[in-house]
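**Q** from the sequence below, what's the structure:
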Amino acid sequence: MMHWNSAILKELVELRSKKSSLLGFSTHADFVLEMNMAKAPEKVATFLEDLARKLKPLGEEERAVLLKLKEQESQKRNFPFTGELHAWDTRYYMTQVEETQYAVDQNQLNEYFPMEVVTKGLLDIYQELFNLNFQQVEGAPVWHDDVTLYCVKDRSSGQVVGQFYLDLFPREGKYGHAACFDLQPGCLLPDGTRQMAVSAMVTNFNKATADAPSLLQHDEVETYFHEFGHVMHQLCAQTDFAMFSGTHVETDFVEALSQMLENWVWEKEPLQRMSKHYKTGKPIPEELLDKLIKSRLANTGLFNLRQIVLAKVDQALHTKNGINAAEEYFKLCLDILGIPASPGYTGRGKWREMLQETHRCQENHLSLNINNTKQLVVDFRGKDREHTLSPSTGHLCLKKFGLSPNILRSFCTCPVESIKSTWYRNYTAGDLQAPFLRSTWTHTSRLRDSFFSQAIRLLNTQN
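**A** This is a model prediction of the structure:
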């Protein structure tokens, strides 16, 4: 299988290079990135180098911790200790770091996340953030008894924005992952009326048992919040043409908004609103909540350095000729992670994952920018603030940074480097009621709408 993958990978890279050349591009990376926010491989390379340089000190600290744990276990089990950390050691000792340094008992924690409580809290938060009203449609025709349908209205005008289905539990033959599906695009119809958007969120959370209700792990709460962000993206983007509706945006942007929104499941106030013990009804103990929030930092250096390795392998394959993927992977693991790849492992068993990095590099970029700018949230938490989700925070943010909602007019075309200093500053500061993020989504697609409209008018005048 590994040999077959190697041959397929070699052929695929060569064909991509030929296709890009026929289309007038120097490399496949140039072809892909032209329509993405990075625009050019040089920007991606600069970003990856800069990020790797900044993360290396953290990676070295984390690697030293893993090595110390290995030394302790070697002494305990009377194994020889060579002072080396191998690829097959990392996941094992990274798990130990999470268990020993942060001591988050996931079995205890999930007792505070019953499905009904999480769903109500999540829907309440999204309604508050976007000034919307969700109403469950009773007796709606659905494809399974577990599925529920909601109608979404603008809270101020009462106008219907769209509808969404929640299909949360597993069953035989069902799609096995978490995803959001666009069932009907929101767009203008030929008569000038608007077709509402319809979306379906599909997950596979554990169902209730005879002894307990459906209980979610915290990472499942994060998944829930993330995927529902896609639902909001699809429903709130008011575009003219179906082809630009909702999540039909550039591949390196499509995850950015949901990644941004999932930050709320690492904040105390939203977590408290989405949780209570399924038996006692008590909130999550402060100590457990603090441990959970701190655990987000566990192993972040090594994790993100590995993502850089994959992205760099992909960039090398698609910007240089004659690259040996196995040798490049081994070299980068040693240089960036400081941990050699397993002997005989080429990395090509997962070549599909690596080949997707060209498209996902900037997604990781935005995700990391979000983590790096989380400190901005702290700037707006003071004794005069009642809670993080206050709409007054946005006004404070705009004043502090000298920003205005007009920055959204140039949102799509602003350079990647300035993204964290524009819309994310407003996001982390809490200006999340009605039009801000909703107009961000709308504007992202409307910019292309305008170009499309101009093209149609030009064709009509020529005819």
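**Q** tell me how far the residue lying closest to V137 once chain neighbours are set aside lies from Q184.
**A** Distance criterion Cβ to Cβ, 6 or more residues apart in numbering; nearest residue to V137, sequence neighbours excluded, is L149 at 4.4 Å. Every C-beta, even on glycine, is put in place using the N, C-alpha and C of the backbone. Separation of L149 from Q184 (Cβ to Cβ, to the nearest Å): 13 Å.
**Q** cool, and V254?
**A** To Q184, V254 is 18 Å away according to Cβ to Cβ.
**Q** same question, L257
**A** 20 Å.
**Q** the more surrounded of those two?
**A** L257 (24 against 17; other Cβ atoms under 10 Å).
**Q** helices along the stretch 201-350 of the chain, start to end?
**A** With helices called from DSSP state H, counting those that start in this stretch, the stretch 201-350 of the chain shows them at 218-236, 256-261, 268-273, 286-294, 300-319, 325-332.
**Q** now the stretch 251-400 of the chain, which segments are flagged as low pLDDT?
**A** 344-400 (pLDDT under 70).
**Q** change it to 80
**A** Along the stretch 251-400 of the chain, segments meeting pLDDT under 80 span 251-253, 256-257, 260, 343-400.
**Q** just give the nearest non-adjacent residue to T100, would you?
**A** Closest residue to T100 apart from its sequence neighbours, by Cβ to Cβ, 6+ apart: L69 at 7.9 Å.
**Q** I misspoke; the intended subject was L123.
**A** F134 (5.4 Å).
**Q** how many other residues sit next to the one you found?
**A** Residues near F134, counting by other Cβ under 10 Å: 15.
**Q** who does it bridge with?
**A** On the basis of DSSP bridges, F134 is bridged to V152.
**Q** which residues in the stretch 101-250 of the chain form strands?
**A** 132-136, 148-154, 160-167, 179-184, 187-188, 194-195, 197-202 (DSSP state E, counting those that start in this stretch).
**Q** residues in contact with the last one?
**A** For strand 197-202, the external contacting residues (Cβ atoms under 8 Å, 6 or more residues apart in numbering) are 161-168, 174-175, 178-186, 227-228, 230-231, 234-235, 237, 245-246.
**Q** using JSON lines, lay out the helices of the stretch 201-350 of the chain together with distance to Q75.
**A** Below are these laid out as JSON lines (distance: least, Cβ to Cβ, whole Å):
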{"stretch": "helix 218-236", "distance to Q75": "33"}
{"stretch": "helix 256-261", "distance to Q75": "41"}
{"stretch": "helix 268-273", "distance to Q75": "39"}
{"stretch": "helix 286-294", "distance to Q75": "28"}
{"stretch": "helix 300-319", "distance to Q75": "23"}
{"stretch": "helix 325-332", "distance to Q75": "30"}
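**Q** can you tell me which of those helices is nearest to F81?
**A** Closest to F81 of those, according to Cβ to Cβ: helix 300-319, at 20.2 Å.
**Q** list the buried residues of the top helix by length along the chain.
**A** Counting by DSSP state H, the longest helix found in the chain is helix 41-77. Neighbour counts over helix 41-77 (16 or more other Cβ atoms under 10 Å) mark 41, 43-45, 47-48, 51-52, 55-56, 58-59, 62-63, 65-67, 69-70 as buried.
**Q** before we move on, what about stretch 29-44?
**A** In stretch 29-44, counting by 16+ other Cβ under 10 Å, buried: A29, D30, F31, V32, L33, N36, M37, A38, P41, K43, V44.
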